[in-house]
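Trainee: Got a sequence here, can you model it:
(one chain, ligands or ions: 1)
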Amino acid sequence: MMPRKSRLRADVAVVGKGPAGAAAALELARRGARVVVLDRGVCRPTLGESLPPGATPVLRQLGLWERFLSGGHAPAYGNRSTWGISDREASDFIRSPWGNGWQLDRRRFDRMLDGALREAGVEIGAGARLLECSSHGGRWTLSLQSGGVVQQLDAGFVIDASGRARRLTRLLGIGRRVYDRLVGAVGVLAPVGEVCDARPGIEIEASPDGWWYASALPDGRLVAGYMTDADGETGKRARTSDGWKALFDQTTHLRKRIADHDYRLQGPLQRVAADSSRLERFAGDGWCAAGDAAAAHDPLSSHGITSAVCAGTHAAHAIAADHPVDYEEWMRHEYAYYLAQWLGYYALERRWAGSPFWQRRHRALEQLQ
Ligand SMILES: Cc1cc2nc3c(=O)[nH]c(=O)nc-3n(C[C@H](O)[C@H](O)[C@H](O)COP(=O)(O)OP(=O)(O)OC[C@H]3O[C@@H](n4cnc5c(N)ncnc54)[C@H](O)[C@@H]3O)c2cc1C
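Mentor: Sure thing, here's the model as predicted:
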C-alpha cells in the first residue's frame with residue numbers, strides 16, 4: 001500500500017498544465033481564486049508546432065506577450081502547401097492585422113507558462129497524476145499520485161485540461177464524438193552538414209492516403225510528419241522508419257527539400273493521435289473541460305494551442321461569473337465553425353477520388369451540409 005499525505009484544498013483544481021490549463025489557472029488566480037494545477041509531467045513529443053498570427057491578441061490578452069517575445073521563438077512569415085494541385089503555393093501573413101506567426105520552441109513556451117503560473121501564486125503539483133475523482137455535497141475529492149505517494153485534493157470546481165488523455169472527463173464518464181481517425185508518424189530530422197533549411201513556417205503536401213507536413217525548429221532541425229488514418233494500409237507502413245522513409249520519398253517538394261539539405265532521421269518516430277473529436281458536453285455541475293481534452297483539432301489547422309488558450313480563458317471567465325452555460329454555448333459554436341472550415345479544406349483536394357482517406361472526409365462534409 002502506498003503512503004498517504006495530508007489533504008490539499010483549492011477553490012479550483014486544474015488537471016493539466018498545457019496551454020489550456022495554464023490559461024484557465026492564470027485567469028482564475030488573478031481573480032483571487034486559490035488554484036492548484038496538477039500535471040503528470042511526462043515528456044511531450046517534438047511536433048514542430050507553430051502559432052498563426054491570430055495567436056498574438058490571445059497571448060496579449062493573457063498578459064504573456066512580452067514574455068513570449070523573449071522566448072527564442074522564430075518569426076514565420078507564411079506557410080507553403082501542395083494541396084489540390086501539384087504546384088507548391090505560398091500563403092504569406094502579410095494581410096494579417098497581427099503581422100507574422102511563430103515557429104515555437106515548445107519547451108520554452110511551456111516553461112514560460114510555468115513561470116507565469118508561479119508568479120500568479122498558482123500552486124503546481126508537478127509530477128502529480130490524477131488517479132480518481134468523486135464528488136460529495138458540491139465538492140470534489142481528487143486522488144493524486146506523486147512520487148509513489150497518494151494524496152487527496154479537495155476542490156470546489158475541477159477543470160479537465162489534460163489534453164487528449166482527458167483523464168478527468170473519462171473518469172466522469174462524459175462521452176466523446178469522434179469525427180475521424182487521423183494519426184501521425186512524426187520524425188525529427190537533423191542536418192548532417194553545416195547547411196540547414198531553417199525557413200520558419202509550416203509546409204504541407206497532400207499525398208494519396210494522407211498528407212505530410214514539415215516544420216523547421218528554431219534550432220535548425222526539421223520535423224516531418226505523415227498524417228493518415230489509423231486503420232489505413234500506409235499508416236501501418238509508416239510505423240517503421242524504413243516504411244516512413246519510403247512513403248516520404250514519394251512526396252514531390254518535401255523530398256527535394258530534405259535531399260537538398262541532407263537531413264537524417266534522428267531517433268525513433270513518434271506516433272501521435274490527431275483526430276478531430278469533442279466531448280458530448282463541455283461543462284456540468286462543478287466541472288468543465290478545455291483544450292484538447294474538450295475539443296481536439298486536426299493539426300492541419302495549426303490552431304490547437306491558440307484554441308486551447310482561448311478555451312481556458314473562456315472557461316475561467318464563465319467559472320468566475322458562475323455561468324458555465326455560457327462556456328458550453330461558446331464551445332459548441334466554436335467547434336461547429338471549426339468542423340465546417342476543416343472539412344472545407346479537405347474538399348479542396350480532389351486528385352485521389354478513389355482513396356478511402358479522402359473519400360471519408362468528402363463524405364463527412366456532405367453529411368455536415
Ligand atoms: C502532429 C501534431 C502537430 C501539431 N501542430 C500544431 C501547430 O503547429 N500549432 C498548434 O497550435 N497546435 C498544434 N498541435 C496541437 C497542440 O499540440 C495541442 O492542441 C495543444 O498542445 C493542446 O493544449 P492542451 O493544453 O489542451 O493540452 P496539452 O498541451 O496536451 O497538455 C495537457 C497536459 O495534461 C497533462 N496530463 C495528462 N494526463 C494527466 C493526468 N492523468 N494527471 C495529470 N496531468 C495529466 C500532460 O502532462 C500535459 O502537460 C499539433 C498536434 C499534433 C498531434
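
Trainee: Please name every helix or strand in contact with whichever helix or strand residue 184 is part of.
Mentor: Using DSSP states H and E, residue 184 maps to strand 182-191. Packing partners of strand 182-191 (3 or more Cβ pairs under 8 Å, 6 or more residues apart in numbering; DSSP states H and E): strand 222-229, helix 241-248, strand 263-273. Placement of C-beta: from N, CA and C, glycine included.

Trainee: residues making contact with it?
Mentor: Around strand 182-191, the neighbours that count as contacts under Cβ atoms under 8 Å, 6 or more residues apart in numbering are 45-48, 197, 217, 220-230, 235, 238-239, 241, 244, 258, 261-267, 269-276, 298-299.

Trainee: follow-up on the earlier one: residue 180: which of the helices and strands packed on strand 182-191 is closest?
Mentor: strand 222-229 (7.1 Å; Cβ to Cβ).

Trainee: Now narrow the contacts of strand 182-191 to whatever sits close to the ligand.
Mentor: Contacts with the ligand within the contacts of strand 182-191, as defined by Cβ under 6 Å from any ligand atom: 47, 225, 272, 274, 299.

Trainee: The ligand contacts on this structure?
Mentor: 15-21, 38-42, 47, 49-51, 129-130, 161-163, 165, 167, 184, 186, 225, 272, 274, 291-293, 299, 302-306, 308.

Trainee: where exactly do the helices run in the chain?
Mentor: Secondary structure of the chain, counting by DSSP state H: helices at 19-30, 55-61, 65-69, 106-119, 167-171, 233-237, 241-248, 253-261, 304-320, 324-347, 356-368.

Trainee: Out of these, which is closest to residue 84?
Mentor: Proximity of these to residue 84 was assessed by Cβ to Cβ; the nearest stretch is helix 324-347, lying at 9.2 Å.

Trainee: If you count contacts, what does that closest one end up packed against?
Mentor: Checked by 3+ Cβ pairs under 8 Å, 6+ apart, helix 324-347 has strand 283-284, strand 295-296, helix 304-320, helix 356-368 packed alongside it.

Trainee: The same query, at a cut-off of 10 Å, please.
Mentor: For helix 324-347, the contact count by 3 or more Cβ pairs under 10 Å, 6 or more residues apart in numbering; DSSP states H and E identifies strand 277-279, strand 283-284, strand 287-289, strand 295-296, helix 304-320, helix 356-368 as packing neighbours.

Trainee: Could you export the longest one as PDB, CA atoms only?
Mentor: Presented in PDB, the C-alpha positions along helix 304-320 are these (Å, rounded to 0.1, in the frame of the first residue of the first chain):
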ATOM      1  CA  GLY A 304      -4.600  23.700 -31.300                       C
ATOM      2  CA  ILE A 305      -2.600  25.900 -29.000                       C
ATOM      3  CA  THR A 306      -4.500  29.100 -29.700                       C
ATOM      4  CA  SER A 307      -7.800  27.300 -29.300                       C
ATOM      5  CA  ALA A 308      -6.600  25.800 -26.000                       C
ATOM      6  CA  VAL A 309      -5.600  29.200 -24.600                       C
ATOM      7  CA  CYS A 310      -8.900  30.700 -25.700                       C
ATOM      8  CA  ALA A 311     -10.900  27.900 -24.200                       C
ATOM      9  CA  GLY A 312      -9.000  28.000 -20.900                       C
ATOM     10  CA  THR A 313      -9.600  31.800 -20.800                       C
ATOM     11  CA  HIS A 314     -13.300  31.500 -21.600                       C
ATOM     12  CA  ALA A 315     -13.700  28.700 -19.100                       C
ATOM     13  CA  ALA A 316     -12.200  30.800 -16.300                       C
ATOM     14  CA  HIS A 317     -14.500  33.700 -17.100                       C
ATOM     15  CA  ALA A 318     -17.500  31.500 -17.000                       C
ATOM     16  CA  ILE A 319     -16.500  29.900 -13.700                       C
ATOM     17  CA  ALA A 320     -15.700  33.300 -12.200                       C
END
